[in-house]
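K.L.:
Sequence and predicted structure, then a few things I'm wondering about:
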Amino acid sequence: MNTSMMEQSWTTPAQPRSRKALAWFMGLAGLLVVVSVGMLLYSAPSFRESDVVLLLEAAPQASSGDQITYTAKWQNNTKVDLTQVRMRLFYPEGSVQEKEGTFTPATNEVLEVGDVESGKSGEQTFTVYLIGDKGNIKNATIEMAFSAKGLRSVFEKSASVSTTIADLPVPLSLSVPPNAISGQEVSYILDYRNATTDDISDLRFVFTFPDGFTPKRATPAPSEGTNIWDVRTLAQNKGARIAVTGTLSGVERETKTLDIVLQRKVNEQYLDYEKASAATIISSPLLSVQLSIAGARDVVAGVGDRLDYYVRWRNTSNTTLIGLTLGVRLEGDMYNLSTLNTQGGFFDGGTQTITWNSAAVPQFSALPPGASGEARFSIVLKEQFPSGSFGSRAFSVKASANMITPNVPSGVDGEDVTAQDSLTTKISTQPSLGTQIYHTDPSLGATGPFPPQVDQATTYTVRWSVANPGNDIRAVTVSALLPPGVQFLGPAGSGGFGAPVYNANTSTVTWSLASVAQGAGFSGAKPDAAFQVSVTPSLIQRGSAITLLRNISLTATDAFTGQVMTISSRTLSTDDLVDQPNKGAVQ
């Protein structure tokens, strides 16, 4: 056997053993890699974003104006620490927040949490006032941004909660005309009521009138400016009304919105409590009619006054209107119908309506575009308020005009063309002042001689009383001047209506009353007060009566009309005593 054959016999069996060894080493290396990776994965901390919990909690229902608390809660259920945790809470629209005693609109709140360790949790509360209408759903949202230790990514989470405005402590009912002619009068009426079981104090109504509105009168009168009404106390289950009248101007189809905010005083600052709004659309009618009293609409009349009414009409369309009829209805117990002068109109006593047709006004047969005209009538008010009317809180008369034609121009919708207007005239109250002087007063007796005698002091008792058959009056002041020689001794007794006071610098006695109710002295108690004076006649006054009071007057403001009135009385002397008339000459 040669050498080459021997080499072949040694090498061939060795190759399978070498391959097996290589495969064994490669398998072992792979196993080591798998084990190493497994150990790395097993020993590394795990993180799942879903294990970070964020919640926002709040009451599901609230009343408008209530203080509500939002609670933000978070929990780290992962196996790593959270870093740079930052949250932002977005409050519902219209929320108000108190900070350091000051109320400001609440929009959002930022909370820097920092790090949250694995397994740790936390919470934070936020307090605001919710403002809204009944049925409003107020949504709050919180957003959280954070990182996880060992990871570069920034993660975000959010949560929301809803609160429904379930009721209103003071329901507001706002009435505005849906349509109005530019330049004509409109009335805004707000009715409100305390729907809670407790009195509510320190309320304020703020009216934001639309552009183009000019207020003319309001009942009651505003507390500040022309648009703020303060209500000191609103008793439980009690309500009231605010009425504002003015002219509204604008272009056709323009929307005019009135906004009202009810506020409540908290920590000497007014906080929005509720809101109400309503809109009027400016329209352009085919026909207009307007009432006035001698050209004015804001007249305040007195008993016995003559009212001269003007009724002015205008065809505002671009076509001739035919067959027109005008009617004016008179409403109110204070009209003296026997004094009515219709000046050509026909009066129906059953409906208390004056009517003009084309027989009375030839223009009504065919009124061209842009044409206008005027009718007049007059009537006198009664001399005094009707008996038994003391339950009424307001005294007024109303004239309502209605102009109409059933002949509708082509291209115009509707069964007729009509225009209306009304004019309410307030009648000012007529209080009376009673001044009675006694020598021998029924309850205080007499001091000193009467008739008065030279160099001897005599005391007289003066009694004042106020009767008020009409509207409530306020800021009532009764005063009189004491002539030289008449000395003020002081108040006499007390009827519960305050006592007169004397100012020595002006020699004036004054009796002040905050208000006198309608019907006082008729259906209610008559306010009264008394004081005493003393006079010691001198020799030169012998044979003459002595003047005791001069410049006697009553001033007050009519709470319904806002009119300031003054009632004056004549000078009174010792001849004008109730118990000793015409016997006051000095002896």
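P.N.:
Noted; the coordinates are in hand.
K.L.:
for the chain, which residue is closest to the average position?
P.N.:
Here the mean C-alpha position of the chain is nearest to the C-alpha of F205 (C-alpha atoms, centre = their mean), at a distance of 3.1 Å.
K.L.:
how about the nearest residue to it, chain neighbours excluded?
P.N.:
Nearest residue to F205 in three dimensions, chain neighbours excluded: W229, at 4.4 Å (C-beta to C-beta, 6 or more residues apart in numbering). (Glycine included, C-beta is placed from N, CA and C.)
K.L.:
And for S569?
P.N.:
I552 (3.9 Å).
K.L.:
If you tally nearby residues, what's the number for the one you found?
P.N.:
20 (other C-beta atoms under 10 Å).
K.L.:
From G470, how far off is it?
P.N.:
21 Å (C-beta to C-beta, to the nearest Å).
K.L.:
R88 too?
P.N.:
62 Å.
K.L.:
Those two: who's more crowded?
P.N.:
The residue with more neighbours, out of R88 and G470, is G470; 24 against 14, by other C-beta under 10 Å.
K.L.:
and that one, backbone torsions?
P.N.:
phi -100, psi -140 (degrees, to the nearest 10).
K.L.:
and it, what is it in contact with?
P.N.:
Contacts were defined as C-beta atoms under 8 Å, 6 or more residues apart in numbering; by that measure G470 touches F385, F395, I427, S428, T429, Q430, P431, Q518, D558.
K.L.:
6 Å - rerun?
P.N.:
With contact set as C-beta atoms under 6 Å, 6 or more residues apart in numbering, G470 has these partners: F385, F395, T429, Q430.
K.L.:
Okay, and the residue nearest to S569 sits in which element?
P.N.:
Taking DSSP states H and E as the criterion, I552 maps to strand 547-558.
K.L.:
how far out from the middle of the chain is that strand?
P.N.:
Put simply, strand 547-558 sits 36 Å off its chain's centre (C-alpha atoms, centre = their mean, to the nearest Å).
K.L.:
Next: stretch 297-312.
P.N.:
Using C-alpha atoms, centre = their mean, the offset of stretch 297-312 from its chain centre is 29 Å.
K.L.:
Can you list the neighbours in contact with that stretch?
P.N.:
Contacting residues not belonging to stretch 297-312 are listed as 216, 290-294, 374-381, 383-384, 401, 425-428, 430, 561, 563 [C-beta under 6 Å, 6+ apart].
K.L.:
Over to stretch 343-357?
P.N.:
Under the contact criterion C-beta under 6 Å, 6+ apart, stretch 343-357 has outside partners T325, L326, G327, V328, R329, L330, T342, A360, A375, R376, F377.
K.L.:
Just name the closest of the residues you listed to Y460, please.
P.N.:
L330 (50.1 Å; C-beta to C-beta).
K.L.:
on that earlier part again, tell me the pLDDT of the residue nearest to S569.
P.N.:
Listed pLDDT for I552 reads 95.
K.L.:
and what of T418?
P.N.:
82.
K.L.:
That one - how many residues pack around it?
P.N.:
Neighbours of T418 under the rule other C-beta under 10 Å: 17.
K.L.:
give the contact list for it.
P.N.:
So T418 contacts I404 (C-beta under 6 Å, 6+ apart).
K.L.:
residue ranges for the helices of the stretch 251-400 of the chain, please.
P.N.:
Applying DSSP state H, counting those that start in this stretch to the stretch 251-400 of the chain gives no helices.
K.L.:
And the helices in this protein?
P.N.:
Shown for the chain, the helices assigned by DSSP state H span residues 3-11, 14-43.
K.L.:
Which of the ones you listed has the lowest mean pLDDT?
P.N.:
helix 3-11 - the lowest mean pLDDT of the helices of the chain, at a mean of 41.
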